[in-house]
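Student: Here is my input; please provide its structure:
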Amino acid sequence: MSLAQHVTQTDGTDREEALVDLFLPPLQRYQSIERASVRRSSFGSGSHASHGKTVRRAISYDALRGSEDIAEDYGGVTPYNVSTSKRITQIIATVIACWFASGIVFGFAALKPILIKEGVFRGLCTAEELQEDVEVCFEQDLRLNFFFSLASTTANVSALPVGTVLDRYGPKICIYLGCLALAIGSILMNLAFQLAEFDGYTVGHFFLALGGTCIFIPSFQIANAFPKYAGTIVALITGAFDASAAVFLFYRLAYEGSEGRFKPQVFFLCYLIVPFAIAIAQYTFLPTENYKTQPQLEMKIHRAEDLLRDVHNSDDELPEDEIWKRRKARSDRRRERLNKLDHLVGNTSTRKRREEKEEHRHETSGVWGVLHNKSAQEQMASPWFTLITLLTVLQMVRMNYFIATIREQYAYMLGSVDLAVRINNFFDWALPIGGVASTPFLGILLDNISTPGVLLIIVTLLTTIGVIGAIPALWAGYVNVILFVLMRPLYYSAMSDYATKVFGFATFGRVYGTIICFSGLVNLSQTVIDALTKSSFQGNPIPVNTFLAAMGFVIGSTLVVYVTTQVYRVRNKLDAEDALSVAYTNAEAESVLESLLEEDEPRDYGSFGPSSPPGEP
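Tutor: Here you go, the predicted model:
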């Protein structure tokens, strides 16, 4: 998985203050209605919900820039300056590029049988294993699985530098670097299959993973070409990433259909067409710089709505009739610009509905803004970060280990290579299809279920997969695959959603990038787990899978309990302080009214006795 995979949106709002900063004495907090509304916009309940004081930001992938370094960005191309047909072509080309390049290394389960048949790393087998003519020997299998674990680690770790390059130098450089890496990877793989003395498999796969990240992360920027449909475009790109795992599947089908005559070296030579086509598209019609983000467009709308911009100080020097003409011309240009922006982003009512929908998401999540406007160091020192990192580390190892060893696992549990091949073939189809099919429903789920609820669903799924995965039956294998391919995109979508809601968009690159990078590095332990399974447990995957499932349940349950407790505690405290604030303010108001009456009214006000004549005491 890469840093940006299954990011559910490209921009959103951050609190101008973290929620933890709002625990002020009641009177101080109540003095500002705006300040009170900030506090209420997320952890409010029902009728107490109100508009929060927020700042809209585009998501940052820069791992080296802190939130304090963010400055106003006025760069980028306004979408209406590019023709609609060209923008549509750019989106189609971007989706196709992601489909063929962004995540092909995650289709390793379909490629592995070909590698075995072609004798890749067969020279590592012992004389006894060769004499027994085993399908895949111990060292060969370990090396092949490391082949994948290094690629998946590269896809994660490379997200940090690639994200930094994207934010600082734009998509053009990233795309060209991605094309170069894909070309190098393809050439190395081609040579490795042709030259017996050249071991370029692992390094070639490394460059394919690196190139996929360079192509995928910049692709999200194209969603700004049509801001009203940004969510749909992001879903298309995310689905294309999942579909890219089928590239090796289609090659395996072609390989088997040709009875092995369509050699891997020929396939990787043909695959060079992909990076060259992407590079040509980038040179000719893909955007050379980012489109303006939603926050930038909203700034343009605000300026276009300002009537005072029709009046310049220099107008006083012009004749009366010329002043009117100049101001009329400015007004016409401003209104024309506003109409274009309304068509692009949506009119006032559309934007208001979008804001209300976003506020609904914030309120539903229960955690939005809890650590916004905190430094990345402060955020990473909190349990919010520690627990989600531990869970992600564990699940990334667990999921990638399953992808790399699914065939061996079920060959042992079912006692049949043929049945294991059936499970493997079903998985090769289900992985891309499940990712694509689940994408439209992920946003609905994350928008309408609280973050503790989503985490509970994930922990339940992870535990169920652990239980089903330990059952040595064919039906259990199919069920396990189905649950896995549905849970995988849900998990990564929920994690990126958790990061934006809890930590904010400003520090996304550093915080979420650190989670994914660290998880990727730990993913290299997959080889150790594989060796342990084959040596200590004689190939039985159940002990390792049971241990990983149990650890996932413990850490996941701890995270669910912690987040739920924090939400409940904060809501109760704010409700209590609300009541105290209202009572204190009412008391203060009554006290002020009484003092005013005492100062302004005569002492005998309201008495029935005769009043003193004027001038008399």
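Student: Can you list the residue ranges for helices in the stretch 351-500 of the chain?
Tutor: 376-380, 383-414, 417-448, 451-468, 474-502 (DSSP state H, counting those that start in this stretch).
Student: among these, which is nearest residue 124?
Tutor: helix 383-414 (16.2 Å; Cβ to Cβ). Where C-beta positions appear, they are placed from N, C-alpha and C, glycine not excepted.
Student: and the closest one, what's its mean pLDDT?
Tutor: The average pLDDT for helix 383-414 rounds to 92.
Student: what angle sits between it and helix 451-468?
Tutor: With axes from the mean of the first three to the mean of the last three Cα atoms, to 10 degrees applied, the angle from helix 383-414 to helix 451-468 works out at 20 degrees.
Student: Can you list the helices and strands that helix 383-414 packs against?
Tutor: helix 108-117, helix 138-157, helix 417-448, helix 474-502, helix 508-522, helix 526-535, helix 542-600 (3 or more Cβ pairs under 8 Å, 6 or more residues apart in numbering; DSSP states H and E).
Student: and that helix with helix 474-502, angle?
Tutor: Using the same axes, to 10 degrees: helix 383-414 against helix 474-502 is 170 degrees.
Student: Give the buried residues for helix 383-414.
Tutor: Judged by neighbour count using 16 or more other Cβ atoms under 10 Å, the buried positions of helix 383-414 are 384-385, 387-414.
Student: Likewise for stretch 467-487?
Tutor: Residues 468-470, 474, 476-487 are the ones in stretch 467-487 that count as buried (16+ other Cβ under 10 Å).
Student: cool, and stretch 328-336?
Tutor: Across stretch 328-336, burial judged by 16+ other Cβ under 10 Å covers residue 334.
Student: What average pLDDT does it get?
Tutor: The predicted model assigns stretch 328-336 a mean pLDDT of 84.
Student: go on, stretch 513-524?
Tutor: In this model, stretch 513-524 carries a mean pLDDT of 85.
Student: Return the distance of it from the chain's centre.
Tutor: 15 Å (Cα atoms, centre = their mean, to the nearest Å).
Student: Just the CA atoms of that stretch, as CSV, please.
Tutor: Extracted C-alpha coordinates of stretch 513-524, given in CSV (Å, rounded to 0.1, in the frame of the first residue of the first chain):
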residue,chain,number,x,y,z
GLY,A,513,3.4,8.9,6.1
THR,A,514,5.3,7.9,9.2
ILE,A,515,2.7,5.2,10.0
ILE,A,516,2.9,3.7,6.6
CYS,A,517,6.7,4.0,6.3
PHE,A,518,7.3,2.3,9.6
SER,A,519,4.8,-0.4,8.8
GLY,A,520,6.5,-0.9,5.5
LEU,A,521,9.9,-1.4,7.2
VAL,A,522,8.5,-3.9,9.7
ASN,A,523,6.9,-5.7,6.7
LEU,A,524,10.4,-7.0,5.9
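Student: do you know how far the closest residue to residue 148 other than its chain neighbours is from residue 331?
Tutor: Leaving aside its chain neighbours, residue 148 sits nearest to residue 108 (4.2 Å; criterion: Cβ to Cβ, 6 or more residues apart in numbering). Remark: distance between residue 108 and residue 331 (Cβ to Cβ, to the nearest Å) = 61 Å.
Student: Quick one: name whatever helix or strand follows the lowest-mean-pLDDT helix or strand in the chain.
Tutor: Scoring the helices and strands of the chain by mean pLDDT, DSSP states H and E places helix 33-43 at the bottom, with a mean of 42. Next along the chain after helix 33-43, taking DSSP states H and E as the criterion, comes strand 54-58.
Student: name the helices or strands packed onto that following strand?
Tutor: On a contact count with 3+ Cβ pairs under 8 Å, 6+ apart, strand 54-58 meets strand 11-15, helix 294-304.
Student: Of these, which is nearest residue 499?
Tutor: Closest among the helices and strands packed on strand 54-58, using Cβ to Cβ: strand 11-15, at 11.3 Å.
Student: Check which helices and strands the closest one sits against.
Tutor: Going by 3+ Cβ pairs under 8 Å, 6+ apart, strand 11-15 lies up against strand 54-58, helix 348-365.
Student: Let's see that with 7 Å instead.
Tutor: Secondary-structure packing of strand 11-15 (3 or more Cβ pairs under 7 Å, 6 or more residues apart in numbering; DSSP states H and E): strand 54-58.
Student: The strand it packs on versus helix 474-502: what angle between them?
Tutor: Using the same axes, to 10 degrees, strand 54-58 lies at 120 degrees relative to helix 474-502.
Student: buried set for the helix or strand just after strand 54-58?
Tutor: On the C-terminal side of strand 54-58, the closest following helix or strand by DSSP H and E is helix 84-101. Residues 87, 90-91, 93-95, 97-101 are the ones in helix 84-101 that count as buried (16+ other Cβ under 10 Å).
Student: cool, stretch 308-327 as well?
Tutor: Quick answer for stretch 308-327 (16+ other Cβ under 10 Å): 310, 323, 326.
Student: May I ask which helix or strand encompasses the second one?
Tutor: Per DSSP H and E: residue 323 is located in helix 320-345.
Student: show me where pLDDT drops low in the stretch 401-550 of the chain?
Tutor: Within the stretch 401-550 of the chain, no stretch has pLDDT under 70.
Student: give me the number of residues near residue 304?
Tutor: Residue 304 has 18 neighbours, counted by other Cβ atoms under 10 Å.
Student: can you pull the contacts of it?
Tutor: By Cβ atoms under 7 Å, 6 or more residues apart in numbering, residue 304 lies in contact with 334, 337-338, 341.
Student: what residues are up against residue 549?
Tutor: 462-463, 466.
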